[in-house]
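Participant: With the sequence up front, the predicted model follows.
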Protein chains: 2
Amino acid sequence: MIRVPRCIYLAGPEVFLPNAVDVGERKKELCAKYGFVGLYPLDNELALEGVSPKEAGLRIYAANRDAMHTADLGIANLTPFRGPSADSGTVFEVGFLTALGKPVYGYTQESGHYAQRCAARGLVHRRRDDAAFDAHGMLIEDFSLEDNLMIVGGVLEHGDMVVDRTEPENYFVDLRAFEACLRAIERRIT
Amino acid sequence: MIRVPRCIYLAGPEVFLPNAVDVGERKKELCAKYGFVGLYPLDNELALEGVSPKEAGLRIYAANRDAMHTADLGIANLTPFRGPSADSGTVFEVGFLTALGKPVYGYTQESGHYAQRCAARGLVHRRRDDAAFDAHGMLIEDFSLEDNLMIVGGVLEHGDMVVDRTEPENYFVDLRAFEACLRAIERRIT
């Protein structure tokens, strides 16, 4: 019997790192170590020369969308990015994969719940009746979950969350939490 | 012939407003004015008493997920929320609906592209070769799109983006951009 390797879509803001390609290669090597094929957004060779920025963005979207349809599962780096929540492109992808019924394993390198992350970023403007509100008077949700309940709910529906605290300077380059997701997937499959 | 009203999932961070229920009612009344049924996350009557915060969060997730499966389309408030991007729960929902092939009409009450929004929030730490980088050295994407390319790509694939600038104090209560989405959906259907 030939075992077809499972394809894992690699979601995360690593694509914005100066060494984005290298980090993707390391992630794909780790996938291979566990018998999987990693699909990294920067794998796509797109002809974008002479194309408008908007058209280039939409072509990258289409390539990532197609990769998600190819993938059997996803691993998403949900470490907070430019705010208390995960990178918004990654969050879109978690929603997309979840709707397709594909398991997503999410990891975060910052411990603490969403409400604690908001507090740590000075976003709590007022507290009343044990609830916290931001400067616009909007409630800061507190369900003891790592991020907005839709994200964690989607991850937990078909996959799992891995929390592995790392120093901020290593947030998107330290791959221990990523490898923990691979081990979780391996345990699930075998 | 009986015309079955289309159901529209109403995504956005309005659920965190102090008058969240009122704003939802106003959105649903506007939907009715155009012959649609609005599905608002707070419509769900969930028995959450005595339930742990985590379990409560996961039940709300499940109810919203079911509402998205019921919906024919979505309207999403993608105005920046606690950072340069849209509310993360809303973004998850845009990804989810897009994967199901359901059109999402996204609106934003802040004009300008993602790179401009990052600059306006002081997130640009360094510029080089026309590219901008944040304090962690990560590239700030600039595709002349209102948010991360996955979000706008998903919206434009089946629906459309509406940009209608509003003063920040009216970001989540002014419903003109929301109504513009309803008119766009009406034009599409009739």
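Facilitator: Sure, I can see it.

Participant: which residues are contacting the longest helix along chain A?
Facilitator: For chain A, the helix with the greatest residue count under DSSP state H is helix A:53-70. With contact meaning C-beta atoms under 8 Å, 6 or more residues apart in numbering or on different chains, helix A:53-70 is reached by A:7, A:9, A:39, A:41, A:43-44, A:46, A:48, A:51, A:74, A:93, A:96-97, A:100, A:102, B:99, B:141-145, B:149-150, B:152-154, B:156-157. C-beta here means a position set from N, CA and C on the backbone, and glycine is covered the same way.

Participant: Return the subset of these lying in strands.
Facilitator: Using DSSP state E, A:Cys7, A:Tyr9, A:Leu39, A:Gly74 are the members of the contacts of helix A:53-70 that sit in strands.

Participant: A:Val23: what's it in contact with?
Facilitator: A:Val23 is in contact with A:Glu14, A:Leu17, A:Phe172, A:Val173, A:Leu175, counting by C-beta under 8 Å, 6+ apart.

Participant: what residue is smack in the middle of chain A?
Facilitator: The residue lying closest to the centre of chain A (C-alpha atoms, centre = their mean) is A:Ala76, at 2.6 Å.

Participant: Am I right that it is in contact with A:Ala11?
Facilitator: Yes - here A:Ala76 reaches A:Ala11: they are 4.1 Å apart, a contact under C-beta atoms under 8 Å.

Participant: Now do the shared contacts for the two.
Facilitator: A:Thr90, A:Glu93, A:Val94, A:Val104.

Participant: between those, which is nearest B:Ile189?
Facilitator: A:Glu93 (29.0 Å; C-beta to C-beta).

Participant: Give me the nearest residue to the closest one, chain neighbours excluded.
Facilitator: A:Ala11 (4.3 Å; C-beta to C-beta, 6 or more residues apart in numbering or on different chains).

Participant: ok, that neighbour - contacts?
Facilitator: Applying C-beta under 8 Å, 6+ apart, one finds that A:Ala11 lies in contact with A:Pro41, A:Gly74, A:Ile75, A:Ala76, A:Asn77, A:Gly89, A:Thr90, A:Glu93, A:Val94, A:Leu97, A:Val104.

Participant: Apply 7 Å and report the result again.
Facilitator: A:Ala11 is in contact with A:Gly74, A:Ile75, A:Ala76, A:Asn77, A:Thr90, A:Glu93, A:Val94, counting by C-beta atoms under 7 Å, 6 or more residues apart in numbering or on different chains.

Participant: part of a helix, is A:Ala135?
Facilitator: No - A:Ala135: not assigned to a helix; according to DSSP: H, G, I helix; E, B strand; the rest coil it is coil.

Participant: show me what contacts it?
Facilitator: Contacts of A:Ala135 (C-beta under 7 Å, 6+ apart): A:His125.

Participant: Local confidence estimate at it?
Facilitator: With respect to pLDDT, A:Ala135 scores 93.

Participant: what does A:Glu45 give?
Facilitator: 82.

Participant: ok, now A:Ile2?
Facilitator: On pLDDT, A:Ile2 comes in at 60.

Participant: For the residue nearest to the centre of chain A, give its distance to A:Glu93.
Facilitator: In this view, A:Ala76 and A:Glu93 are 7 Å apart by C-beta to C-beta, to the nearest Å.

Participant: can you check A:Ser144 too?
Facilitator: 24 Å.
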